[in-house]
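Participant: what's the 3D shape of this:
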Amino acid sequence: MDLRKIIQPASVALALMASSFTPGVVRADIEGVVVHFNAGMTPPSPLRLRNAEKQGREPRQFPAEKLKGYLYKSKSNEAGIVLAPGCLGVKQFHHAWARRLADWGYTALIVDSAGSRGMNQNCAGEHLLGFREAALDRRVYDVFGAHEFLTTGKGVNPKRIALMGWGYADTLAAVLETGVQRFFNASFAAAVAYYPSCRTAPTGRFVAPLLLLIGAKDDWSTARGCEKMKNTGLGGPSVIEMIVYADAHHGFDDPEIKKITIHPNVWNANKVPNKGATLLYNKQASSDSRQRVKAFLNNKL
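Facilitator: You can find the predicted model right below:
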């Protein structure tokens, strides 16, 4: 299958948008503030409950991890977006996204998973253990903690919170039908995933509408892997809208990556040996994706 056929012409996406919207323009007067909150915690499993009952005690509660984030409040503060940066950490374009979302009317919270754990990045290499723990196991708890913070701490409507993530697996895991979301009372109304690791969600069945944006030249999170996931999940509880940009690489929406950038030591399950990834900004793909994200969020929230 030619994945390049999936993308619609940019003119079609433009027709979806209000004429007053100018891609890339962000209000400079919207500022973020540093906030602290706890990672989410699931209730005790049935096994832990039974064991505690047999021993005549309360089930053990594990302390929640302390997290740092950046909050950008909108004027309405009725709907919210949790932003989950990739393993390279929080970058300037994430802050630009948060300002943009606040300008659109969404209170935005950037979750600093790597920085909260004392790392600038955790893409493997010298931080292999940190990558496995923070990326594959614990980050999904981070985004549910952010959801609770927006709901109980900042008054955002819990039914109008979406998740937006880059790379990693936590964005898909947080809305996966068989994922950890089953153990939380909270849920995300929608999810936007920029070049996610689709091999971690092979069933392709999600409990919330998903917008997936990826480049055909991505050698870190492959478009073919995401297409396979999407086809496997046909008929699932929620629709997957997948956009593949023919000439785009991983990181196509980060303006700081102005030339081909090779990260030789990052963990990459799609290569043998499992190392190395290519990143490059693509202005056209980035602009088109912003338009699609706005239309998607307007429709779902």
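Participant: quick one: the strands in the chain?
Facilitator: For the chain, the strands defined by DSSP state E occupy 33-38, 66-72, 79-84, 106-112, 161-166, 190-194, 210-215, 240-245, 261-267, 275-279.
Participant: need the contact list for the nearest residue to His147 once chain neighbours are set aside.
Facilitator: The shortest distance from His147 to any non-neighbouring residue, by CB to CB, 6 or more residues apart in numbering, is to Ala186 (4.8 Å). The C-beta positions use only the backbone N, C-alpha and C, and glycine is treated the same way. Each residue near Ala186 by CB atoms under 8 Å, 6 or more residues apart in numbering is listed here: Gly40, Phe144, His147, Glu148, Thr151, Pro158.
Participant: how near is Ala186 to Gly86?
Facilitator: 23 Å (CB to CB, to the nearest Å).
Participant: Sketch out the low-pLDDT regions of the stretch 1-150 of the chain for me.
Facilitator: Within the stretch 1-150 of the chain, the stretches with pLDDT under 70 are 1-29, 43-48, 59-63, 124-137.
Participant: Which stretches in it count as helices?
Facilitator: Per DSSP state H, counting those that start in this stretch, the stretch 1-150 of the chain carries helices over the ranges 10-15, 46-54, 92-104, 113-116, 128-130, 139-148.
Participant: Which elements pack onto the last one?
Facilitator: The reference is to helix 139-148. Counting contacts by 3 or more CB pairs under 8 Å, 6 or more residues apart in numbering; DSSP states H and E, helix 139-148 packs against strand 33-38, strand 66-72, strand 79-84, strand 106-112, helix 113-116, strand 161-166, helix 170-173.
Participant: just the angle between the third one and strand 66-72, please?
Facilitator: Here strand 79-84 runs at 130 degrees with respect to strand 66-72, directions being taken by axes from the mean of the first three to the mean of the last three CA atoms, to 10 degrees.
Participant: Direction included, what does strand 79-84 pair against?
Facilitator: strand 106-112 (parallel), strand 161-166 (parallel) (DSSP bridges).
Participant: Now do the buried residues in it.
Facilitator: Using 16 or more other CB atoms under 10 Å as the test for burial, strand 79-84 gives Ala79, Gly80, Ile81, Val82, Leu83, Ala84.
Participant: Could you do the second one as well?
Facilitator: Buried residues in strand 66-72, defined by neighbour count with 16+ other CB under 10 Å: Leu67, Lys68, Gly69, Tyr70, Leu71, Tyr72.
Participant: Quick check: the farthest pair among those residues?
Facilitator: Farthest apart among the buried residues of strand 66-72 by CB to CB are Leu67 and Tyr72. That separation is 16.4 Å.
Participant: okay, now Gln291: neighbour count?
Facilitator: By other CB atoms under 10 Å, the residues close to Gln291 number 18.
Participant: i'd like the first residue to be 671 from this point on
Facilitator: In the new numbering, first residue 671, that becomes Gln961.
Participant: Give me the distance between it and Tyr742.
Facilitator: Taking CB to CB, one finds Gln961 at 20 Å from Tyr742.
Participant: What of Ile751?
Facilitator: Applying CB to CB to Ile751 and Tyr742 gives a distance of 9 Å.
Participant: Repeat that for Gly906.
Facilitator: Counting by CB to CB, the gap from Gly906 to Tyr742 is 32 Å.
Participant: And for Cys757?
Facilitator: The separation that Cys757 has from Tyr742, given CB to CB, amounts to 22 Å.
Participant: Ok, Thr892 next?
Facilitator: 32 Å.
Participant: ok, now Tyr838?
Facilitator: 21 Å.
Participant: The closest residue to Ser891 other than its chain neighbours: what's it in contact with?
Facilitator: Once flanking residues are discounted, Ser891 sits nearest to Tyr865: 4.5 Å by CB to CB, 6+ apart. Tyr865 makes contact with Trp836, Gly837, Leu883, Ile884, Gly885, Asp888, Trp890, Ser891, His920, Gly921, Phe922, according to CB under 8 Å, 6+ apart.
Participant: Where does confidence bottom out across these?
Facilitator: Minimum pLDDT for the contacts of Tyr865 is recorded at Gly837 (90).
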